[in-house]
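Colleague: Model the structure of this input:
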Amino acid sequence: MARSLVVIGVGYVGLPLAQEACRAGMRVVGLDTDEEVVASLSNGESHIDDVDTAGVAEMLAAGFVATTDSTCISNSDVIVICVPTPLDDEGAPHLGAVKAATSTVSEHLQPDSLVVLESTTYPGTTEDTVRPLLEDGSRLTAGIDFNLAYSPERIDPGNPEWGLRNTPKIVGGLTPSCTERAVEFYGQIVDTVVPTVGLREAEFAKLLENTYRHINIALINEMAVFCHELGIDLWGAIDAAATKPFGFQAFRPGPGIGGHCIPIDPNYLSWVARRVGYRLRFVELAQEVSERMPAYVARRTQDALNRLKKPMNGSHIVLAGVAYKANVSDQRETPAKPLVVHLREMGADVSYIDPHVDSFVVEGKEVPWIVDIGEAVRSADLVVVLQAHDEFLDSTELTAARCILDTSGKFFGDNVDRL
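Modeller: Got it, this is the predicted structure:
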(Lines give C-alpha, C1' and ligand atoms only; values in the text may rest on other atoms or scores of the structure.)
Protein backbone atom coordinates (compact mmCIF):
# COMPACT_ATOMS: atom_id res chain seq x y z
CA MET A 1 0.00 0.00 0.00
CA ALA A 2 1.20 3.50 -0.83
CA ARG A 3 2.26 5.47 2.21
CA SER A 4 3.59 8.68 0.67
CA LEU A 5 2.64 10.74 -2.37
CA VAL A 6 4.02 13.70 -4.25
CA VAL A 7 1.54 15.51 -6.49
CA ILE A 8 3.28 17.66 -9.10
CA GLY A 9 1.00 20.54 -10.01
CA VAL A 10 -1.54 21.40 -7.30
CA GLY A 11 -4.21 23.03 -9.42
CA TYR A 12 -7.72 21.94 -10.42
CA VAL A 13 -6.59 18.33 -10.84
CA GLY A 14 -3.74 17.96 -8.38
CA LEU A 15 -5.22 19.59 -5.29
CA PRO A 16 -8.38 17.42 -5.10
CA LEU A 17 -6.13 14.37 -5.57
CA ALA A 18 -3.89 15.53 -2.73
CA GLN A 19 -6.94 16.13 -0.55
CA GLU A 20 -8.31 12.60 -0.99
CA ALA A 21 -4.86 11.12 -0.38
CA CYS A 22 -4.63 13.06 2.88
CA ARG A 23 -8.00 11.68 3.90
CA ALA A 24 -6.72 8.18 3.12
CA GLY A 25 -3.91 8.67 5.62
CA MET A 26 -1.02 9.16 3.20
CA ARG A 27 1.85 11.55 3.74
CA VAL A 28 1.24 14.04 0.92
CA VAL A 29 3.44 16.74 -0.58
CA GLY A 30 2.22 19.15 -3.23
CA LEU A 31 5.07 20.20 -5.52
CA ASP A 32 4.56 23.27 -7.69
CA THR A 33 6.75 25.81 -9.47
CA ASP A 34 4.34 28.67 -8.65
CA GLU A 35 5.61 30.23 -5.43
CA GLU A 36 2.36 32.15 -4.88
CA VAL A 37 0.32 28.95 -5.03
CA VAL A 38 2.67 27.22 -2.61
CA ALA A 39 2.57 30.18 -0.22
CA SER A 40 -1.23 30.43 -0.28
CA LEU A 41 -1.68 26.71 0.39
CA SER A 42 0.88 26.84 3.19
CA ASN A 43 -1.15 29.69 4.69
CA GLY A 44 -4.35 27.67 4.48
CA GLU A 45 -5.82 29.42 1.45
CA SER A 46 -7.27 27.66 -1.58
CA HIS A 47 -6.96 28.91 -5.16
CA ILE A 48 -9.51 26.56 -6.80
CA ASP A 49 -13.28 26.13 -6.55
CA ASP A 50 -13.47 22.47 -5.56
CA VAL A 51 -11.29 22.67 -2.45
CA ASP A 52 -12.28 25.44 -0.05
CA THR A 53 -10.28 27.01 2.76
CA ALA A 54 -11.69 24.54 5.27
CA GLY A 55 -10.51 21.73 3.01
CA VAL A 56 -6.98 23.11 2.90
CA ALA A 57 -7.00 23.45 6.69
CA GLU A 58 -8.04 19.81 6.93
CA MET A 59 -5.16 18.83 4.66
CA LEU A 60 -2.60 20.83 6.62
CA ALA A 61 -3.83 19.25 9.86
CA ALA A 62 -3.26 15.84 8.23
CA GLY A 63 0.36 16.77 7.46
CA PHE A 64 0.06 18.12 3.91
CA VAL A 65 3.04 20.18 2.78
CA ALA A 66 3.21 22.46 -0.27
CA THR A 67 6.68 23.15 -1.62
CA THR A 68 8.81 24.15 -4.59
CA ASP A 69 11.62 21.82 -3.44
CA SER A 70 11.77 18.78 -5.73
CA THR A 71 13.92 16.73 -3.32
CA CYS A 72 10.63 15.59 -1.75
CA ILE A 73 10.34 13.12 -4.65
CA SER A 74 13.17 11.03 -3.21
CA ASN A 75 11.07 10.17 -0.16
CA SER A 76 7.86 9.22 -1.94
CA ASP A 77 6.30 5.90 -2.95
CA VAL A 78 4.11 7.48 -5.62
CA ILE A 79 4.57 10.51 -7.86
CA VAL A 80 1.60 11.82 -9.83
CA ILE A 81 2.11 14.45 -12.53
CA CYS A 82 -0.86 16.83 -12.90
CA VAL A 83 0.54 19.72 -14.94
CA PRO A 84 -1.18 21.67 -17.76
CA THR A 85 -1.08 20.48 -21.37
CA PRO A 86 -2.26 23.41 -23.52
CA LEU A 87 -2.02 23.84 -27.27
CA ASP A 88 0.76 25.85 -28.87
CA ASP A 89 0.28 28.61 -31.44
CA GLU A 90 0.10 26.01 -34.21
CA GLY A 91 -2.66 24.04 -32.48
CA ALA A 92 -0.33 21.19 -31.52
CA PRO A 93 -0.04 19.74 -28.01
CA HIS A 94 2.40 21.68 -25.86
CA LEU A 95 4.14 19.20 -23.57
CA GLY A 96 6.65 21.61 -22.08
CA ALA A 97 5.25 21.34 -18.54
CA VAL A 98 5.01 17.53 -18.77
CA LYS A 99 8.59 17.23 -19.97
CA ALA A 100 9.87 19.59 -17.29
CA ALA A 101 8.02 17.75 -14.53
CA THR A 102 9.19 14.38 -15.85
CA SER A 103 12.80 15.51 -15.97
CA THR A 104 12.51 16.72 -12.38
CA VAL A 105 11.10 13.35 -11.32
CA SER A 106 13.94 11.52 -13.08
CA GLU A 107 16.52 13.37 -11.01
CA HIS A 108 15.09 12.02 -7.75
CA LEU A 109 13.33 8.80 -8.76
CA GLN A 110 13.90 5.83 -6.46
CA PRO A 111 13.56 2.10 -7.27
CA ASP A 112 10.10 0.55 -6.76
CA SER A 113 8.35 3.92 -7.06
CA LEU A 114 5.15 4.42 -9.05
CA VAL A 115 5.01 7.34 -11.51
CA VAL A 116 1.60 8.28 -12.92
CA LEU A 117 0.83 10.88 -15.56
CA GLU A 118 -2.65 12.42 -15.19
CA SER A 119 -2.25 15.37 -17.57
CA THR A 120 -4.53 15.05 -20.58
CA THR A 121 -2.53 14.26 -23.71
CA TYR A 122 -2.45 12.26 -26.92
CA PRO A 123 -1.97 8.46 -27.06
CA GLY A 124 1.67 7.49 -26.86
CA THR A 125 2.86 10.35 -24.63
CA THR A 126 3.48 8.27 -21.52
CA GLU A 127 5.47 5.59 -23.33
CA ASP A 128 7.20 7.67 -26.01
CA THR A 129 7.92 10.89 -24.12
CA VAL A 130 7.64 10.34 -20.37
CA ARG A 131 9.26 6.90 -20.24
CA PRO A 132 12.56 7.77 -21.99
CA LEU A 133 12.95 10.96 -19.95
CA LEU A 134 12.49 9.04 -16.72
CA GLU A 135 14.85 6.26 -17.76
CA ASP A 136 17.58 8.54 -19.11
CA GLY A 137 17.57 10.76 -16.05
CA SER A 138 17.32 8.06 -13.40
CA ARG A 139 19.24 5.19 -15.05
CA LEU A 140 16.31 2.99 -14.02
CA THR A 141 14.14 0.87 -16.32
CA ALA A 142 10.37 1.35 -16.45
CA GLY A 143 8.40 -1.80 -15.73
CA ILE A 144 11.40 -3.38 -14.00
CA ASP A 145 12.98 -0.88 -11.60
CA PHE A 146 9.95 1.39 -11.26
CA ASN A 147 6.29 1.38 -12.25
CA LEU A 148 4.81 3.66 -14.88
CA ALA A 149 1.11 4.31 -15.52
CA TYR A 150 -1.36 6.74 -16.97
CA SER A 151 -4.67 7.78 -15.35
CA PRO A 152 -6.77 10.48 -17.03
CA GLU A 153 -8.19 13.15 -14.74
CA ARG A 154 -11.98 13.37 -14.66
CA ILE A 155 -12.41 16.48 -12.52
CA ASP A 156 -15.60 18.44 -13.24
CA PRO A 157 -15.17 21.79 -11.44
CA GLY A 158 -18.22 22.85 -9.47
CA ASN A 159 -20.03 19.51 -9.77
CA PRO A 160 -21.72 18.91 -6.39
CA GLU A 161 -22.57 15.28 -7.14
CA TRP A 162 -19.46 13.79 -8.76
CA GLY A 163 -16.05 14.38 -7.23
CA LEU A 164 -12.74 12.57 -7.28
CA ARG A 165 -13.72 9.82 -4.89
CA ASN A 166 -16.99 8.67 -6.44
CA THR A 167 -16.01 9.11 -10.11
CA PRO A 168 -14.57 5.85 -11.53
CA LYS A 169 -10.81 6.15 -12.12
CA ILE A 170 -9.28 4.74 -15.30
CA VAL A 171 -5.72 3.43 -15.06
CA GLY A 172 -3.40 1.82 -17.58
CA GLY A 173 0.15 0.67 -16.95
CA LEU A 174 3.21 0.03 -19.08
CA THR A 175 3.11 -3.61 -17.93
CA PRO A 176 0.48 -5.68 -16.12
CA SER A 177 2.42 -5.26 -12.89
CA CYS A 178 2.50 -1.49 -13.41
CA THR A 179 -1.28 -1.51 -13.88
CA GLU A 180 -1.68 -3.60 -10.74
CA ARG A 181 0.42 -1.18 -8.72
CA ALA A 182 -1.58 1.81 -10.02
CA VAL A 183 -4.89 0.08 -9.27
CA GLU A 184 -3.69 -0.58 -5.72
CA PHE A 185 -2.72 3.07 -5.25
CA TYR A 186 -5.93 4.59 -6.61
CA GLY A 187 -7.98 2.00 -4.75
CA GLN A 188 -6.95 3.79 -1.56
CA ILE A 189 -8.51 7.10 -2.60
CA VAL A 190 -11.38 6.38 -5.03
CA ASP A 191 -14.37 4.05 -4.83
CA THR A 192 -13.99 2.42 -8.25
CA VAL A 193 -10.84 1.79 -10.29
CA VAL A 194 -11.15 0.72 -13.93
CA PRO A 195 -7.98 -0.88 -15.38
CA THR A 196 -7.44 -0.75 -19.14
CA VAL A 197 -5.32 -3.04 -21.31
CA GLY A 198 -2.51 -0.50 -21.54
CA LEU A 199 -1.24 3.06 -21.54
CA ARG A 200 -2.56 4.17 -24.92
CA GLU A 201 -6.07 2.92 -24.18
CA ALA A 202 -6.14 4.94 -20.95
CA GLU A 203 -4.84 8.01 -22.78
CA PHE A 204 -7.34 7.60 -25.59
CA ALA A 205 -10.30 7.07 -23.23
CA LYS A 206 -10.00 10.65 -21.95
CA LEU A 207 -9.92 12.09 -25.45
CA LEU A 208 -12.83 9.91 -26.51
CA GLU A 209 -14.99 11.14 -23.62
CA ASN A 210 -14.41 14.79 -24.38
CA THR A 211 -14.55 14.46 -28.16
CA TYR A 212 -17.96 12.79 -27.79
CA ARG A 213 -19.17 15.76 -25.77
CA HIS A 214 -17.56 18.26 -28.13
CA ILE A 215 -19.23 16.85 -31.23
CA ASN A 216 -22.66 16.63 -29.61
CA ILE A 217 -22.47 20.15 -28.18
CA ALA A 218 -21.50 21.44 -31.62
CA LEU A 219 -24.42 19.57 -33.17
CA ILE A 220 -26.92 21.12 -30.78
CA ASN A 221 -25.38 24.59 -31.23
CA GLU A 222 -25.83 24.26 -34.99
CA MET A 223 -29.42 23.22 -34.33
CA ALA A 224 -29.87 26.37 -32.23
CA VAL A 225 -28.97 28.57 -35.20
CA PHE A 226 -31.16 26.51 -37.56
CA CYS A 227 -34.18 26.38 -35.23
CA HIS A 228 -34.08 30.10 -34.56
CA GLU A 229 -34.38 30.77 -38.28
CA LEU A 230 -37.37 28.43 -38.53
CA GLY A 231 -39.07 29.69 -35.36
CA ILE A 232 -38.70 26.34 -33.56
CA ASP A 233 -38.31 26.25 -29.78
CA LEU A 234 -35.21 24.04 -29.62
CA TRP A 235 -35.27 23.92 -25.84
CA GLY A 236 -38.79 22.50 -25.90
CA ALA A 237 -37.83 20.01 -28.58
CA ILE A 238 -34.86 18.82 -26.54
CA ASP A 239 -37.04 18.34 -23.47
CA ALA A 240 -39.50 16.33 -25.55
CA ALA A 241 -36.78 14.15 -27.09
CA ALA A 242 -35.26 13.55 -23.65
CA THR A 243 -38.38 11.67 -22.56
CA LYS A 244 -37.24 8.74 -24.70
CA PRO A 245 -35.79 6.22 -22.21
CA PHE A 246 -33.19 4.90 -24.64
CA GLY A 247 -31.06 6.02 -27.58
CA PHE A 248 -30.97 9.75 -26.78
CA GLN A 249 -28.85 11.89 -24.48
CA ALA A 250 -29.82 15.51 -24.04
CA PHE A 251 -27.25 18.18 -24.90
CA ARG A 252 -28.20 21.85 -24.77
CA PRO A 253 -26.89 24.87 -26.68
CA GLY A 254 -24.74 27.61 -25.25
CA PRO A 255 -22.53 30.58 -26.14
CA GLY A 256 -19.57 28.35 -26.98
CA ILE A 257 -17.34 25.87 -25.21
CA GLY A 258 -14.91 26.58 -22.40
CA GLY A 259 -12.68 25.00 -19.80
CA HIS A 260 -9.47 23.09 -20.35
CA CYS A 261 -11.00 19.85 -21.64
CA ILE A 262 -13.55 20.23 -24.42
CA PRO A 263 -11.96 23.14 -26.35
CA ILE A 264 -8.50 21.55 -26.12
CA ASP A 265 -8.60 17.75 -25.95
CA PRO A 266 -10.21 16.97 -29.33
CA ASN A 267 -7.39 18.93 -30.97
CA TYR A 268 -4.94 16.34 -29.61
CA LEU A 269 -6.80 13.70 -31.63
CA SER A 270 -6.84 15.85 -34.75
CA TRP A 271 -3.11 16.45 -34.39
CA VAL A 272 -2.33 12.75 -34.00
CA ALA A 273 -4.58 11.92 -36.94
CA ARG A 274 -2.78 14.37 -39.20
CA ARG A 275 0.55 12.78 -38.24
CA VAL A 276 -0.63 9.51 -39.75
CA GLY A 277 -2.22 11.14 -42.79
CA TYR A 278 -5.82 11.04 -41.60
CA ARG A 279 -8.36 13.81 -40.99
CA LEU A 280 -10.97 13.63 -38.25
CA ARG A 281 -13.57 15.63 -40.11
CA PHE A 282 -16.26 15.37 -37.41
CA VAL A 283 -13.84 16.82 -34.86
CA GLU A 284 -12.68 19.62 -37.14
CA LEU A 285 -16.26 20.56 -38.03
CA ALA A 286 -17.26 20.59 -34.35
CA GLN A 287 -14.39 22.94 -33.64
CA GLU A 288 -15.51 25.22 -36.46
CA VAL A 289 -19.09 25.35 -35.16
CA SER A 290 -17.97 26.00 -31.60
CA GLU A 291 -15.61 28.80 -32.57
CA ARG A 292 -18.32 30.73 -34.40
CA MET A 293 -20.87 30.65 -31.54
CA PRO A 294 -19.63 33.83 -29.79
CA ALA A 295 -20.03 35.73 -33.06
CA TYR A 296 -23.55 34.31 -33.40
CA VAL A 297 -24.41 35.43 -29.86
CA ALA A 298 -23.14 38.91 -30.74
CA ARG A 299 -25.40 38.93 -33.79
CA ARG A 300 -28.37 37.83 -31.68
CA THR A 301 -27.53 40.64 -29.26
CA GLN A 302 -27.68 43.11 -32.12
CA ASP A 303 -31.01 41.65 -33.29
CA ALA A 304 -32.48 42.04 -29.80
CA LEU A 305 -31.35 45.67 -29.64
CA ASN A 306 -32.84 46.34 -33.07
CA ARG A 307 -36.22 45.17 -31.78
CA LEU A 308 -35.84 47.78 -29.03
CA LYS A 309 -34.98 50.37 -31.71
CA LYS A 310 -31.50 50.75 -30.25
CA PRO A 311 -28.21 50.63 -32.16
CA MET A 312 -25.43 48.34 -30.95
CA ASN A 313 -23.00 51.24 -31.17
CA GLY A 314 -23.11 52.99 -27.79
CA SER A 315 -25.46 50.52 -26.10
CA HIS A 316 -24.56 49.16 -22.69
CA ILE A 317 -24.39 45.36 -22.75
CA VAL A 318 -24.03 43.52 -19.45
CA LEU A 319 -22.75 39.96 -19.56
CA ALA A 320 -24.07 37.81 -16.72
CA GLY A 321 -21.58 35.06 -15.88
CA VAL A 322 -18.19 35.22 -17.59
CA ALA A 323 -16.73 31.99 -16.15
CA TYR A 324 -16.74 29.04 -18.53
CA LYS A 325 -19.52 27.23 -16.62
CA ALA A 326 -22.06 27.92 -13.91
CA ASN A 327 -21.10 28.28 -10.24
CA VAL A 328 -17.32 28.33 -10.73
CA SER A 329 -14.71 31.06 -11.07
CA ASP A 330 -12.70 29.29 -13.77
CA GLN A 331 -12.17 31.47 -16.85
CA ARG A 332 -10.14 29.00 -18.91
CA GLU A 333 -11.18 29.23 -22.58
CA THR A 334 -14.42 30.97 -21.62
CA PRO A 335 -16.52 31.96 -24.66
CA ALA A 336 -17.22 35.25 -22.88
CA LYS A 337 -13.83 36.56 -24.04
CA PRO A 338 -14.35 36.28 -27.81
CA LEU A 339 -17.89 37.57 -27.27
CA VAL A 340 -16.52 40.71 -25.61
CA VAL A 341 -14.19 41.18 -28.57
CA HIS A 342 -17.08 40.96 -31.04
CA LEU A 343 -19.29 43.32 -29.01
CA ARG A 344 -16.51 45.89 -28.64
CA GLU A 345 -15.83 45.79 -32.39
CA MET A 346 -19.52 46.49 -32.95
CA GLY A 347 -19.28 49.58 -30.73
CA ALA A 348 -20.98 48.28 -27.59
CA ASP A 349 -20.09 49.40 -24.07
CA VAL A 350 -19.56 46.05 -22.28
CA SER A 351 -19.65 45.35 -18.53
CA TYR A 352 -20.19 42.14 -16.58
CA ILE A 353 -21.71 40.76 -13.41
CA ASP A 354 -20.37 37.57 -11.88
CA PRO A 355 -20.23 36.80 -8.14
CA HIS A 356 -17.44 34.30 -8.78
CA VAL A 357 -15.16 36.48 -10.92
CA ASP A 358 -13.80 39.78 -9.60
CA SER A 359 -11.45 40.54 -12.50
CA PHE A 360 -12.03 39.93 -16.20
CA VAL A 361 -9.46 41.06 -18.75
CA VAL A 362 -9.94 40.72 -22.51
CA GLU A 363 -7.10 41.58 -24.89
CA GLY A 364 -5.30 43.46 -22.14
CA LYS A 365 -8.28 45.64 -21.24
CA GLU A 366 -10.21 45.22 -18.00
CA VAL A 367 -13.95 44.69 -18.48
CA PRO A 368 -15.86 46.82 -15.93
CA TRP A 369 -17.27 44.70 -13.11
CA ILE A 370 -20.66 45.65 -11.67
CA VAL A 371 -21.04 44.03 -8.27
CA ASP A 372 -24.70 44.73 -7.63
CA ILE A 373 -27.18 42.88 -9.84
CA GLY A 374 -29.81 45.60 -9.47
CA GLU A 375 -27.37 48.29 -10.57
CA ALA A 376 -26.32 46.19 -13.56
CA VAL A 377 -29.91 45.66 -14.65
CA ARG A 378 -30.81 49.35 -14.29
CA SER A 379 -27.83 50.48 -16.35
CA ALA A 380 -28.07 47.84 -19.09
CA ASP A 381 -29.75 48.23 -22.43
CA LEU A 382 -29.56 44.45 -22.65
CA VAL A 383 -28.37 41.64 -20.37
CA VAL A 384 -26.78 38.56 -21.95
CA VAL A 385 -26.92 35.55 -19.63
CA LEU A 386 -23.92 33.36 -20.42
CA GLN A 387 -23.77 31.24 -17.26
CA ALA A 388 -26.77 30.71 -15.01
CA HIS A 389 -25.06 30.96 -11.62
CA ASP A 390 -27.32 30.10 -8.68
CA GLU A 391 -27.14 33.73 -7.60
CA PHE A 392 -28.76 34.75 -10.89
CA LEU A 393 -31.44 32.09 -10.72
CA ASP A 394 -32.34 33.21 -7.19
CA SER A 395 -32.41 36.89 -8.12
CA THR A 396 -35.64 38.75 -8.73
CA GLU A 397 -33.68 41.77 -9.93
CA LEU A 398 -32.09 40.05 -12.91
CA THR A 399 -35.40 38.79 -14.26
CA ALA A 400 -36.68 42.38 -14.17
CA ALA A 401 -34.20 43.46 -16.85
CA ARG A 402 -35.78 45.24 -19.79
CA CYS A 403 -34.39 42.67 -22.22
CA ILE A 404 -32.47 39.44 -21.64
CA LEU A 405 -30.72 37.30 -24.23
CA ASP A 406 -30.47 33.97 -22.43
CA THR A 407 -27.94 31.43 -23.69
CA SER A 408 -28.51 29.11 -20.70
CA GLY A 409 -32.16 28.23 -21.28
CA LYS A 410 -32.98 28.89 -17.61
CA PHE A 411 -34.97 32.14 -17.89
CA PHE A 412 -38.51 32.70 -19.13
CA GLY A 413 -40.77 35.68 -19.79
CA ASP A 414 -41.80 38.23 -22.35
CA ASN A 415 -38.51 40.07 -21.81
CA VAL A 416 -36.43 36.95 -22.52
CA ASP A 417 -35.03 35.90 -25.87
CA ARG A 418 -33.52 32.42 -25.59
CA LEU A 419 -30.69 31.19 -27.77
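Colleague: and the helix or strand bottoming out on mean pLDDT in the chain, which residues are buried?
Modeller: With mean pLDDT, DSSP states H and E as the measure, the helix or strand of the chain carrying the lowest mean pLDDT is helix 265-275 (a mean of 83). By 16 or more other C-beta atoms under 10 Å, the buried positions in helix 265-275 come out as 265, 266, 267, 268, 269, 270, 271, 272, 273. C-beta here means a position set from N, CA and C on the backbone, and glycine is covered the same way.
Colleague: host element of the residue of the chain most remote from its centre?
Modeller: In terms of distance from the mean C-alpha position of the chain, residue 309 ranks first, at 39.1 Å (C-alpha atoms, centre = their mean). Using DSSP states H and E, residue 309 sits within no helix or strand.
Colleague: Let me see the contact set for it.
Modeller: Not one residue lies near residue 309 by C-beta atoms under 8 Å, 6 or more residues apart in numbering.
Colleague: cool, the one 10 residues further on as well?
Modeller: For residue 319, the contacting residues are 336, 339, 340, 350, 351, 352, 353, 367, 383, 384, 386, by C-beta under 8 Å, 6+ apart.
Colleague: Phi, psi for the nearest residue to the third one once chain neighbours are set aside please.
Modeller: Pointing back at residue 340 there. Leaving aside its sequence neighbours, residue 340 sits nearest to residue 362 (C-beta to C-beta, 6 or more residues apart in numbering; 4.4 Å). Dihedral pair for residue 362: phi -130, psi 120, per degrees, to the nearest 10.
Colleague: partners of residue 362 in the sheet?
Modeller: residue 365 (DSSP bridges).
Colleague: Check the gap between the residue farthest from the centre of the chain and residue 381 for me.
Modeller: Distance from residue 309 to residue 381, counting by C-beta to C-beta, to the nearest Å: 11 Å.
Colleague: Can you get me a residue count around residue 163?
Modeller: For residue 163, the count of nearby residues is 16 (other C-beta atoms under 10 Å).
Colleague: again but with residue 370, I slipped
Modeller: Neighbours of residue 370 under the rule other C-beta under 10 Å: 18.
Colleague: go on, residue 141?
Modeller: When counting by other C-beta under 10 Å, one arrives at 13 neighbours for residue 141.
Colleague: cool, and residue 386?
Modeller: Neighbours of residue 386 under the rule other C-beta under 10 Å: 29.
Colleague: who's in contact with residue 92?
Modeller: residue 271.
Colleague: and it, how far is that from residue 133?
Modeller: Residue 92 is 19 Å from residue 133, by C-beta to C-beta.
Colleague: Likewise for residue 109?
Modeller: Taking C-beta to C-beta, one finds residue 109 at 10 Å from residue 133.
Colleague: what about the two, which has more around it?
Modeller: Comparing residue 109 with residue 133 by neighbour count (other C-beta under 10 Å), the higher total belongs to residue 109, at 22 against 18.
Colleague: Next, the contact list for that one, please.
Modeller: Counting by C-beta under 8 Å, 6+ apart, residue 109 has contacts 73, 79, 115, 134, 137, 138, 140, 146.
Colleague: same thing but at 6 Å, please
Modeller: residue 138 (C-beta atoms under 6 Å, 6 or more residues apart in numbering).
Colleague: Ok, residue 174 next?
Modeller: Applying C-beta under 6 Å, 6+ apart, the residues near residue 174 are 142, 143, 148, 199.
Colleague: taking these one by one, which sit in helices?
Modeller: Counting by DSSP state H, the part of the contacts of residue 174 found in helices is residue 199.
Colleague: out of the contacts of residue 174, which are buried?
Modeller: 142, 148, 199.
Colleague: Switch those over to JSON lines; also include pLDDT and distance to residue 4.
Modeller: What follows is these, written out as JSON lines (pLDDT from 0 to 100; distance: C-beta to C-beta, whole Å):
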{"residue": "142", "pLDDT": "98", "distance to residue 4": "20"}
{"residue": "148", "pLDDT": "98", "distance to residue 4": "18"}
{"residue": "199", "pLDDT": "96", "distance to residue 4": "24"}
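Colleague: for the record, mean pLDDT for stretch 169-189?
Modeller: Mean pLDDT, computed over stretch 169-189, is 97.
Colleague: and what of stretch 89-96?
Modeller: Stretch 89-96 shows a mean pLDDT of 83.
Colleague: list the buried ones in that stretch?
Modeller: For stretch 89-96, using 16+ other C-beta under 10 Å, the buried residues are 92, 93, 95.
Colleague: Just the ones of these in strands?
Modeller: For the buried residues of stretch 89-96, membership in strands holds for none, with DSSP state E as the criterion.
Colleague: so who does residue 56 touch?
Modeller: Counted by C-beta under 6 Å, 6+ apart, residue 56 has contacts 44, 46.
Colleague: For it, grab phi and psi.
Modeller: In terms of degrees, to the nearest 10, the main-chain angles of residue 56 are phi -70, psi -40.
Colleague: Distance to residue 25 added to the buried ones among the contacts of residue 174, as TSV?
Modeller: Shown next, in TSV, are the buried ones among the contacts of residue 174 (distance: C-beta to C-beta, whole Å):
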residue	distance to residue 25
142	28
148	25
199	29
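Colleague: that older thread, among the buried residues of stretch 89-96, which one lies nearest to residue 1?
Modeller: residue 95 (31.5 Å; C-beta to C-beta).
Colleague: Start and end of stretch 145-162, how far apart?
Modeller: Stretch 145-162 has an end-to-end distance of 36 Å (criterion: C-alpha to C-alpha, to the nearest Å).
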